[in-house]
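Asks: Take a look and give me a structure for this.
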Amino acid sequence: MKSIGILGGTFDPPHIGHFIIADEVKHALELDEIWFIPTNEPPHKKEATSNNEHRVAMLKRVITSIDYFHLNLIEMERVGKSYTIDTIKLLKERYPNTKFHFIIGADMVEYLPNWHKVDELMTLVEFVGVRRPNYSLQTDYPIIEVEVPQIDISSTCLKERIKKNQPFKYFVPESIYQYVKDERIYE
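Replies: Residues are numbered from 1 along each chain as shown. Model (predicted):
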């Protein structure tokens, strides 16, 4: 049975924190692959600033060079809010011989009680929690905790830096930095 880690999000833009988390969880849990699943319309926050094509293009620039990183556009195929339970059910149908591990930051661990059909979701997928500054991994739900280096960075912070013309070169991989500069996405 294949073991896959799923890292979902808006990735608007993807930054080094995303890739560090993915790599650390992959190795700590000895997973076969990590799938990046960009959401079309997240249920818990406003829609992405940049369009789907830009977000996918930025992810592709990094993950194509790592053999165990893959892009899955299952949530881009759907219209409307992307609920994790719907995504996991579809993935389990399409890949019946796969064990999925859903990777979330401590901010989302704290938010778990508010997730759509969270109790049913817990029976379908194993959650992996990683620390984030100023959030706790304490929860009544079963999660596997993986230690990752603490990097206090967010896509929201990056967009603000770019809008204010502040440096952001070392917050993202070089290929994403160049893409954001060339396409002038967040200016």
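Asks: tell me how far the lowest-mean-pLDDT helix or strand in the chain is from the chain's mean position?
Replies: Taking mean pLDDT, DSSP states H and E as the measure, the chain has helix 106-111 as its least confident helix or strand, at a mean of 92. For helix 106-111, the separation from the chain centroid amounts to 13 Å (computed by CA atoms, centre = their mean, to the nearest Å).
Asks: list the buried ones in whatever helix or strand comes next after that helix?
Replies: Using DSSP states H and E, the helix or strand that follows helix 106-111 towards the C-terminus is helix 118-124. Residues of helix 118-124 classed as buried: 121-122 (neighbour count, 16 or more other CB atoms under 10 Å). To be clear about C-beta, it is placed using only N, CA and C from the backbone, and glycine gets the same treatment.
Asks: Off-centre distance for helix 118-124?
Replies: Taking mean C-alpha positions (CA atoms, centre = their mean), helix 118-124 and its chain are 19 Å apart.
Asks: mind exporting whichever helix or strand comes after it as PDB, just the C-alpha atoms?
Replies: Toward the C-terminal end, the helix or strand that comes next after helix 118-124 (DSSP H and E) is strand 126-130. Extracted C-alpha coordinates of strand 126-130, given in PDB (Å, rounded to 0.1, in the frame of the first residue of the first chain):
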ATOM      1  CA  GLU A 126      -4.800  10.300   9.200                       C
ATOM      2  CA  PHE A 127      -4.100  13.900  10.200                       C
ATOM      3  CA  VAL A 128      -0.500  15.100  10.600                       C
ATOM      4  CA  GLY A 129       0.000  18.300  12.600                       C
ATOM      5  CA  VAL A 130       3.000  20.600  12.400                       C
END
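Asks: which residues touch strand 126-130?
Replies: With contact meaning CB atoms under 8 Å, 6 or more residues apart in numbering, strand 126-130 is reached by 5, 21, 24-25, 29, 99-106, 109, 112, 137, 139, 141-148.
Asks: Now list the buried members of the residues you listed.
Replies: 5, 21, 24-25, 100-106, 109, 112, 137, 143, 146, 148.
Asks: Narrow the residues you listed to those in helices?
Replies: Among the buried ones among the contacts of strand 126-130, the ones falling in helices (DSSP state H) are 21, 24-25, 106, 109.
Asks: would a markdown table of the residues you listed with distance to Ile37 be doable?
Replies: Shown next, in a markdown table, are these (distance: CB to CB, whole Å):
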| residue | distance to Ile37 |
| --- | --- |
| Ile21 | 14 |
| Glu24 | 18 |
| Val25 | 14 |
| Ala106 | 20 |
| Val109 | 18 |
